[in-house]
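S.K.: here is my input; please provide its structure:
(one chain, ligands or ions: 2)
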Amino acid sequence: MYTQSFNVQDTPGTKAVASVPSKEDPALQAAFDTRIDADGRIEPQDWMPDAYRKTLVRQISQHAHSEIVGMLPEGNWISRAPSLKRKAILIAKVQDEGGHGLYLYSAAETLGTSRDQMLEGLHSGRAKYSSIFNYPTLTWADVGVVGWLVDGAAIMNQVPLCRCSYGPYARAMVRVCKEESFHQRQGYEALLVMMTGTEEQKAMVQDAVNRFWWKCLAMFGPPDADSPNSVQGMRWGIKRISNDDLRQKFIDATVPQAKVLGVTLPDPDLKWNEERQHYDYGQIDWDEFWATVNGNGPCNKERLATRVKAYREGEWVRDAAMAHARKQQERSMKEAA
Ligand SMILES: [Fe+2]
Ligand SMILES: [Fe+2]
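M.R.: Ligands and ions are numbered 1, 2, ... in the order given. This next block holds a predicted model:
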């Protein structure tokens, strides 16, 4: 899953992407603009402005990092799933997230940045990933709520990316969205079952909703007025719907689901606005959001340390795969000779 980081610079203090047209080659720039204006796709072999390439590398790599870091809070619950059925579903979901990471690293590599470079950014703490994964999953109900709300927010954000102007990213998103839809449904179904259970189970679900609701709303990123990069992203056909519009769509879709489930969304200001034909909602705590994005959430250090350890411990697997590939190549060259 993923959302939010589109507007977050990896290195604090770096400038927003320049919105001035590239001076590299006016004819190539004009051809690029024409294709973008016609809603066409840009492919890896096509000319593209440097700033477009950099924005995509940053966004797709942040997205990839979010997928693989997102495996950690739920992965913690595989050994403690309450039944074989729930365990099998959770293993499949966590594995899907790993797969999403792989599609996305591959899509980003087509822009000329190696996977090693991207992982180095993650492991050194320079690169960002979705802040939601820096919160702990305290109970089994959290696994259901992550599916329902976190994957639900991801779908809201990622469906428009299937129409992104960069071909490899858009194509990766088609499959990712299908799998995210399964993630959202399995979470909601797990919660529906818990809500027919004991009072303790119902309280556990409500508590998980209380802890995750506001953090999920923050996942869509800062308000449009504070998102200067969004305008350029929209101009390039990378971003299709603004942060605030996506957030509103998510709230409008989720309120009826919460009613069916029988939980209360923890916002006293949440109410239907007849004039706007949308739900009004309260203030998001952006100070907490930025503190978490900047490395000071409850689990930032733990998540990063787990990723670095997994990468180090997997070195022998990567070495073995490379040695095997070399041997196969040598063999096929001998046979061809
Ligand atoms: Fe997911
Ligand atoms: Fe995912």
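
S.K.: what stretches of this structure score poorly on pLDDT?
M.R.: 1-23 (pLDDT under 70).

S.K.: which non-adjacent residue is nearest the residue of it found nearest ligand 2?
M.R.: Residue nearest to ligand 2 within the chain: H100 (3.8 Å; C-beta to the ion). All C-beta atoms are positioned from the backbone trio N, CA, C, and that covers glycine. The shortest distance from H100 to any non-neighbouring residue, by C-beta to C-beta, 6 or more residues apart in numbering, is to E67 (4.1 Å).

S.K.: hmm, that neighbour is touching K93, no?
M.R.: No: between E67 and K93 there is no contact under C-beta atoms under 8 Å: 11.7 Å.

S.K.: wait, what's in contact with Q283?
M.R.: D269 (C-beta atoms under 8 Å, 6 or more residues apart in numbering).

S.K.: a strand runs through it, doesn't it?
M.R.: No: Q283 is assigned coil when assessed by DSSP: H, G, I helix; E, B strand; the rest coil, not a strand.

S.K.: next secondary structure after the host helix or strand of the residue of the chain closest to ligand 2?
M.R.: Using DSSP states H and E, H100 sits in helix 84-109. Per DSSP H and E, helix 84-109 leads on to helix 115-123 as the next helix or strand towards the C-terminus.

S.K.: tell me the angle that following helix makes with helix 84-109.
M.R.: Interaxial angle of helix 115-123 relative to helix 84-109 (axes from the mean of the first three to the mean of the last three C-alpha atoms, to 10 degrees): 120 degrees.

S.K.: and helix 115-123, what does it pack against?
M.R.: On a contact count with 3 or more C-beta pairs under 8 Å, 6 or more residues apart in numbering; DSSP states H and E, helix 115-123 meets helix 50-69, helix 84-109, helix 300-313.

S.K.: of those, flag the one that's most buried.
M.R.: Comparing the helices and strands packed on helix 115-123 by mean neighbour count (mean count of other C-beta atoms under 10 Å), helix 50-69 comes out on top with a mean of 23.
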